[in-house]
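>>> one predicted model, sequence on top.
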Amino acid sequence: MRGRFITFEGGEGTGKSTQASTLARRLEALAVGVVLTREPGGSSGAEIVRHVLLSGAAKPLGTEAEAILFAAARDDHLTTLIRPALERGQWVICDRFIDSTRVYQGDLGAVDRRIIRRLERVVVGDTMPDLTFILDLPAEVGLERARRRRGNNEADRFETETLEFHARLRDAYLAIAAAEPQRCVVIDSQRPKNKVADEIWAIVNRRLDPAAAPVSLEDVET
Ligand code: TYD
């Protein structure tokens, strides 16, 4: 039986990675085989492209070329990691996926929506997430959390300081959630981490029934 594919999305500072790993631990406690990964990156080829993108080296090529590079990284990630894991029956949890491209390159980078959709169709095909959590925060809170997290480190290519950026990001994610309620669930991330994690866990149980998943043999001690 094919495993399930769950993605986490949202702006900077919304707590995606923390929530993705909490969910992975909870699934593992039920003996579900889990692969926890992230984009851009997640596979050796894609990690190389990640560096090119986040260092800003690809910026002079323009946002369209960046969208193509994100798609190339995703293609490698899907081919070498995500699809094989799903076929083995493992559950894949990915920190950022297609909605990040739609929002950052599409809505914020002004890449034509048709180009984004075509890249998506070619690269992702029917390996669409079964469930996407969109972690939502008011723009000022996301901005402040991202700044605090960054400390004195330099901002990467896609981290910016403006409130307008965070507000547009939020609106773009909420629009995706409104358009695809079957796949997407908006999570209020202003609450304490454990409350957010409990809501996510309840939704996963309700929608995907992990207790019924086949037990992962890899985790069984011999
Ligand atoms: P990362 O350091 O992984 O930070 P985080 O996910 O915690 O924000 O940075 C990933 C950056 O790449 C982030 O600013 C969003 C951006 N990004 C895109 O612009 N398009 C994409 O398709 C993906 C996957 C990420």
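Looks like it arrived, so ask away. In this text the structure is predicted, and so the values were computed from the model without any measurement.

>>> relative to residue 183, how far out is the spatially most central residue of the chain?
Residue closest to the average C-alpha location in the chain (Cα atoms, centre = their mean): residue 96, at 1.7 Å. Distance, residue 96 to residue 183, by Cβ to Cβ, to the nearest Å: 15 Å. Glycine gets a C-beta too; all of them are placed from N, C-alpha and C.

>>> likewise residue 61?
31 Å.

>>> now do residue 10
15 Å.

>>> quick one: which of the two has more around it?
When residue 10 and residue 183 are compared on other Cβ atoms under 10 Å, the one with more neighbours turns out to be residue 10, at 26 against 16.

>>> residues touching the more buried one, list them.
By Cβ atoms under 8 Å, 6 or more residues apart in numbering, the contact list for residue 10 reads 16, 133, 134, 135, 136, 137, 173, 189.

>>> so what pairs up with the closest residue to it other than its chain neighbours in the strands?
The shortest distance from residue 10 to any residue other than its chain neighbours is 3.5 Å, reached at residue 135 (Cβ to Cβ, 6 or more residues apart in numbering). Beta-bridge partners for residue 135, by DSSP bridges, are residue 10, residue 187.

>>> tell me how many other residues crowd residue 135.
Applying other Cβ under 10 Å, we find 24 residues neighbouring residue 135.

>>> ok, residue 195 next?
So residue 195, with other Cβ under 10 Å, has 12 neighbours.

>>> where does it land in three-state SS?
helix (DSSP: H, G, I helix; E, B strand; the rest coil).

>>> quick check: the residue nearest to residue 10 touching residue 189?
Yes: the pair residue 135 / residue 189 is scored as a contact, 4.3 Å apart, by Cβ atoms under 8 Å.

>>> now do the shared contacts for these two.
With Cβ under 8 Å, 6+ apart as the test, residue 135 and residue 189 both reach 10, 14, 15, 196.

>>> and the lowest-mean-pLDDT helix or strand in the chain, what other elements does it pack with?
Least confident helix or strand, the chain: helix 139-150 with a mean of 84, by mean pLDDT, DSSP states H and E. Helix 139-150 sits against helix 163-179, with contacts defined as 3 or more Cβ pairs under 8 Å, 6 or more residues apart in numbering; DSSP states H and E.

>>> tell me the angle of the helix it packs on relative to helix 139-150?
Comparing the axes of helix 163-179 and helix 139-150 via axes from the mean of the first three to the mean of the last three Cα atoms, to 10 degrees yields an angle of 110 degrees.

>>> for helix 163-179, output the C-alpha coordinates as PDB.
Only the C-alpha atoms of helix 163-179 are listed here, as PDB (Å, rounded to 0.1, in the frame of the first residue of the first chain):
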ATOM      1  CA  LEU A 163       5.900  43.600   6.600                       C
ATOM      2  CA  GLU A 164       4.300  43.900   3.100                       C
ATOM      3  CA  PHE A 165       6.200  40.800   2.000                       C
ATOM      4  CA  HIS A 166       5.000  38.800   5.000                       C
ATOM      5  CA  ALA A 167       1.400  40.000   4.500                       C
ATOM      6  CA  ARG A 168       1.400  39.000   0.800                       C
ATOM      7  CA  LEU A 169       2.900  35.700   1.600                       C
ATOM      8  CA  ARG A 170       0.200  35.000   4.100                       C
ATOM      9  CA  ASP A 171      -2.600  36.100   1.700                       C
ATOM     10  CA  ALA A 172      -1.200  33.900  -1.000                       C
ATOM     11  CA  TYR A 173      -1.100  30.800   1.200                       C
ATOM     12  CA  LEU A 174      -4.600  31.500   2.500                       C
ATOM     13  CA  ALA A 175      -5.800  31.700  -1.100                       C
ATOM     14  CA  ILE A 176      -4.400  28.300  -1.900                       C
ATOM     15  CA  ALA A 177      -6.100  26.800   1.200                       C
ATOM     16  CA  ALA A 178      -9.400  28.300   0.200                       C
ATOM     17  CA  ALA A 179      -9.100  27.000  -3.300                       C
END
